[in-house]
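when you get a sec, could you give me coordinates for this:
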Amino acid sequence: MKILIINNGSSLGGWRWLRYVVVAIKTHYPETQIQLFLNNNITSVVNNDDYFTKHGIKIFKLISPPSPKERSIVSKAFMQVKFFIRNKFFIKKTAQLINESDLVFFTWSYTNNELISKINVPIFYIQHDFIFSHFFGLHCGNNYNKLWYNYFKNNVKQMIEKNATFIGSSQHVMNELKRLFPEYKKDDNVVYIAGLNDKDVSEGQKIDLLKKLEINFDYCLYCTNDMHHKNMQAVLGAFYYVKQKYPNIKLIITGHGTNGIRVQVNCPHYCDHIEDENPNFDIKSLGLVSDEELLALMKGAKMLVNCSLDEAACGSGLDAWQMGCPTAISNIPCYLQQVEHLGVKTEFFNPKNCEDIANKMLFLLDNPEIAKQNAQDSKLALEKYTSKDVADEYMKIFEKVLIK
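As a prediction, this is how the structure comes out:
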């Protein structure tokens, strides 16, 4: 089978999913030919070209629009013309490569509509989430961006018109697709993701990495980003109540857009900024960390907290369950379904209720033996659902459509 995969953009969570799934398919189906088109904007943030190529996956770089740097009017006009010409060439060449493949698999929502119109082979499309269709009080990207919403909506509609087969990483995502786009009439295709890590850190490495990160205290871990659906304010409010009983524990945050957070929680409704040199913080963010640092943080944490309001899957939960770290997460549909499918154990809370979040965190802190057992059971559960299972499910979906 010859598969062409296009990733036109991605969050870092979506990037980790892509890296995992593409390599899983190639590893367990080595006769499959995979060509992977990646957006330059993503590969500049997380450059894993060597990771793909060493697994026999051929990489192409997509053409990104000119960056919005300050330029003269003439320079801007030149860049726009250059991009237009290159993009026309890219669409023609990519369409040719796609139509020489057995199928094309789009792994992100925002795709070139002109390119889609030229495709003559079966299209597969994973819809990670519908964040741009929802309103969280503020919108994704911290503003209500109707332009992005219309782009996303038209993109999905065009995929449906081209008879694309959609795949979701939870039943919730498939339900959302059919609720928002009732014209999609195909059977559900759901593939839950397995543990995302193919590496580990030893106890000695963990100690060294935490020392490097200047962490020599008890802490809870919160992996997130600055998008509104991540619901960060609820966790910060909950941590006020946790601190009343455990005044020496800290909350460590990691993730894109969270850099610079260093605060004290003196109130359940907001936090107070403190200076970088002030050692008396309650919460601080490390920003983006390496894979090894993340694993060390997971192994050393009292628990991982995930307070999202809507997702495709609990990516940070997968890391924690794989590393044997206790978890407390939102009781949103996708997480409930994921936990049931995987057989892992966690504490669920109402993500809109700070006191409920705090109570579940306190339950794990008050009952370390239960927390430890939950973590051990979850680690064993993830050892039973592997990359082979994930690859098999994707190949079944591909083959079912190709056989018709």
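
now do the strands in the stretch 1-150 of the chain.
Counting by DSSP state E, counting those that start in this stretch, the stretch 1-150 of the chain has strands at residues 2-7, 33-39, 58-62, 103-106, 123-126.

would you tell me which one of the ones you listed is buried the most?
Greatest average neighbour count among the strands of the stretch 1-150 of the chain goes to strand 103-106 (a mean of 24), per mean count of other C-beta atoms under 10 Å. The C-beta positions use only the backbone N, C-alpha and C, and glycine is treated the same way.

kindly export that one (C-alpha atoms) in PDB.
Below are the C-alpha coordinates for strand 103-106, written out as PDB (Å, rounded to 0.1, in the frame of the first residue of the first chain):
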ATOM      1  CA  LEU A 103      -4.800   6.900  -0.600                       C
ATOM      2  CA  VAL A 104      -4.200  10.300   1.000                       C
ATOM      3  CA  PHE A 105      -4.500  10.900   4.700                       C
ATOM      4  CA  PHE A 106      -5.000  14.400   6.000                       C
END
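
hmm, back to that, make a markdown table out of the strands of the stretch 1-150 of the chain and add mean pLDDT and distance to Gly137.
Listed next are the strands of the stretch 1-150 of the chain as a markdown table, based on pLDDT from 0 to 100; distance: least, C-beta to C-beta, whole Å:
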| stretch | mean pLDDT | distance to Gly137 |
| --- | --- | --- |
| strand 2-7 | 91 | 30 |
| strand 33-39 | 86 | 30 |
| strand 58-62 | 77 | 34 |
| strand 103-106 | 94 | 30 |
| strand 123-126 | 93 | 27 |
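
export those strands as JSON lines, with columns for distance to Glu292.
Formatted as JSON lines, these follow (distance: least, C-beta to C-beta, whole Å):
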{"stretch": "strand 2-7", "distance to Glu292": "24"}
{"stretch": "strand 33-39", "distance to Glu292": "23"}
{"stretch": "strand 58-62", "distance to Glu292": "23"}
{"stretch": "strand 103-106", "distance to Glu292": "30"}
{"stretch": "strand 123-126", "distance to Glu292": "28"}
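
doesn't Lys388 fall inside a strand?
No - applying DSSP: H, G, I helix; E, B strand; the rest coil, one finds Lys388 to be helix, outside a strand.

can you tell me how far the residue nearest to it when sequence neighbours are not counted is from Ile3?
Spatial nearest neighbour of Lys388, chain neighbours left out: His28 (5.2 Å); criterion: C-beta to C-beta, 6 or more residues apart in numbering. Taking C-beta to C-beta, to the nearest Å as the measure, His28 and Ile3 are separated by 13 Å.

what do you get for Met395?
The gap separating Met395 from Ile3 is 10 Å, by C-beta to C-beta.

same deal with Arg262?
Arg262 sits 45 Å away from Ile3, taking C-beta to C-beta as the criterion.

mind checking pLDDT for the residue nearest to Lys388?
Predicted confidence (pLDDT) at His28: the value is 95.

list the buried ones in the helix or strand containing Gln337?
Here Gln337 sits within helix 333-342, counting by DSSP states H and E. By 16 or more other C-beta atoms under 10 Å, the buried positions in helix 333-342 come out as Pro333, Cys334, Tyr335, Leu336, Gln337, Gln338, Val339, His341, Leu342.

the closest residue to the fourth one other than its chain neighbours: how many residues sit nearby?
Spelled out, that is Leu336. Excluding the flanking residues, the one nearest Leu336 by C-beta to C-beta, 6+ apart is Phe348, at 7.3 Å. Per other C-beta atoms under 10 Å, the neighbour tally for Phe348 reads 16.

now swap in the one 3 residues further on and tell me
For Pro351, the count of nearby residues is 23 (other C-beta under 10 Å).

pretty sure it sits against Ala234.
Yes - at 5.9 Å, Pro351 counts as touching Ala234 under the criterion of C-beta atoms under 8 Å.

circling back: now for the strands of the stretch 1-150 of the chain, which one comes closest to Asp319?
strand 123-126 (20.0 Å; C-beta to C-beta).

so what strands line up beside that closest one?
For strand 123-126, the paired strands and their directions (DSSP bridges) read strand 103-106 (parallel), strand 165-167 (parallel).

and after the last one, which helix or strand comes next?
Past strand 165-167, further along toward the C-terminus, the next helix or strand under DSSP H and E is helix 171-180.

and that next one, what does it pack against?
Counting contacts by 3 or more C-beta pairs under 8 Å, 6 or more residues apart in numbering; DSSP states H and E, helix 171-180 packs against helix 333-342.

could you point out which element follows the helix it packs on?
Next along the chain after helix 333-342, taking DSSP H and E as the criterion, comes strand 347-349.

parallel or antiparallel, which strands does that following strand pair with?
Assessed with DSSP bridges, strand 347-349 is paired to strand 327-330 (parallel).

not counting the strand it pairs with itself, show me its contacts.
Contacts to strand 327-330, defined as C-beta atoms under 8 Å, 6 or more residues apart in numbering, come from residues 231, 303-309, 314, 317, 320-321, 335, 346-351, 357, 360-361, 364, 374-375, 378.
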